[in-house]
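# sequence and predicted structure, then a few things I'm wondering about:
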Amino acid sequence: MKFIANIGFAVRSFLSNLGHGAVLFVRLIRLFGVTMRRFGLVRDQIHFLGNYSLAIIAVSGLFVGFVLSLQGYYTLQRYGSSEALGLLVALSLVRELGPVVSALLFAGRAGTSLTAEIGLMKAGEQLSAMDLMAVDPVQRILAPRFWAGVITMPLLAAVFSAVGIIGGWMVGVLMIGVDAGAFWSQMQGGVDVWKDVGNGVVKSIVFGVTVTFVALLQGYEAQPTPEGVSRATTRTVVVASLAVLALDFVLTAMMFSI
């Protein structure tokens, strides 16, 4: 009986947390207009989330481009198709690796900082103080950070893909000796703006919504103790990363099966 009671308690807790998350998500979506009227708050968060994540995104994109170019060249060379190296690198980045790896890095860098910031504000009773002063903490604190993350994520994914393509060119053309004209012409002719780049942008927007919301929810629902904030920060990385990988599969299946 105790085992059944524990299962029931776990299911009830999960449904309760799911309900709280859904209510918060709907509130954040409805606050879009109000938040954009005070764009200065969003701008500051874009700088905080995007500018401080730019270095790790750019460096990671460069090395991913290096590796893609090396692995792709030795694979294509077997079939006499080394001229298609640029197309391989570009499609791999704009379709998959750009949005996915950027989202994982964004979760580890920006998501954890958001969770820790909101959790510490809750532990310091700053959110409660705002409630006492009739200031909605969701509107003043959470909404600007949420929409800043949604805006920032596609920009970071674009930087990741662009730097990765440059890295692929450096290895493929400058180091290995692939013809530069073939590298760029194959890429230009094979990458479709709407089907490939557009789908990558859609993925990055969905990942931005997911990662930012998970980070804010974990911070907002964290226990107001140092241990609670620490556990919430860890949950942000785990939940956001798993959600990104699961959504990537679902979105890829939907986009490329049509």
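It's in. Owing to the predicted nature of the structure, the values given are computational and were not obtained by experimental measurement. Numbers count the residues shown, from 1 in each chain.
# quick check: buried residues in the helix or strand hosting P144?
P144 belongs to helix 143-169 when assigned by DSSP states H and E. The neighbour-count check on helix 143-169 (16 or more other CB atoms under 10 Å) flags 143-165, 167-169 as buried. (Each C-beta comes from the backbone N, C-alpha and C, glycine too.)
# could you identify the helix or strand that succeeds it?
Next helix or strand after helix 143-169 toward the C-terminus (DSSP H and E): helix 180-190.
# before we move on, the earlier item: quick one, the helix holding P144 and helix 180-190 angle?
Helix 143-169 and helix 180-190 meet at an angle of 140 degrees, taking axes from the mean of the first three to the mean of the last three CA atoms, to 10 degrees as the criterion.
# which residue comes closest to F256 once chain neighbours are left out?
Excluding its sequence neighbours, the residue lying closest to F256 (CB to CB, 6 or more residues apart in numbering) is N199, at 7.8 Å.
# so what's the one you found up against?
By CB atoms under 8 Å, 6 or more residues apart in numbering, the contact set of N199 is 95, 251, 255-256.
# ok, 10 Å please
Counting by CB atoms under 10 Å, 6 or more residues apart in numbering, N199 touches 94-96, 99, 192, 251-252, 254-256.
# what's the answer for T112, then?
Taking CB under 10 Å, 6+ apart as the criterion, T112 is in contact with 215, 218-219, 232-234, 236-237, 240.
# one more time with 6 Å
233, 236 (CB atoms under 6 Å, 6 or more residues apart in numbering).
# for G177, grab phi and psi.
phi 100, psi 20 (degrees, to the nearest 10).
# likewise for V135?
phi -110, psi 120.
# ok, back up a step: could you measure the residue nearest to F256 against G172, distance?
In this structure, N199 and G172 are 24 Å apart, going by CB to CB, to the nearest Å.
# related to what we said a few turns ago, just list what the helix holding P144 packs against, helices and strands only.
When contacts are defined as 3 or more CB pairs under 6 Å, 6 or more residues apart in numbering; DSSP states H and E, helix 143-169 sits against helix 32-37, helix 39-46, helix 54-76, helix 98-106, helix 199-220.
# who are the contact partners of the residue nearest to the spatial centre of the chain?
With distances taken as CA atoms, centre = their mean, A103 lies nearest the centre of the chain, 2.6 Å away. By CB under 6 Å, 6+ apart, the contact set of A103 is 207, 211, 244.
# how about the contacts of N199 in CSV, adding pLDDT and neighbour count?
Conversion of the contacts of N199 to CSV gives the following (pLDDT from 0 to 100; neighbours: other CB atoms under 10 Å):
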residue, pLDDT, neighbour count
V94, 92, 28
R95, 89, 21
E96, 90, 15
P99, 94, 32
D192, 83, 12
L251, 92, 16
T252, 90, 15
M254, 87, 11
M255, 82, 16
F256, 73, 11
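# that older thread, winner for burial among the helices and strands packed on helix 143-169?
Mean neighbour counts were compared across these using mean count of other CB atoms under 10 Å; the top stretch is helix 98-106, at a mean of 26.
# roughly how far out does the helix or strand just after that one sit from the chain middle?
Downstream of helix 98-106, the next assigned helix or strand under DSSP H and E is helix 112-123. Between the centre of helix 112-123 and the centre of its host chain there is 18 Å, according to CA atoms, centre = their mean, to the nearest Å.
# ok and helix 112-123 relative to helix 39-46, angle-wise?
With the same axes, to 10 degrees defining the directions, helix 112-123 sits at 120 degrees from helix 39-46.
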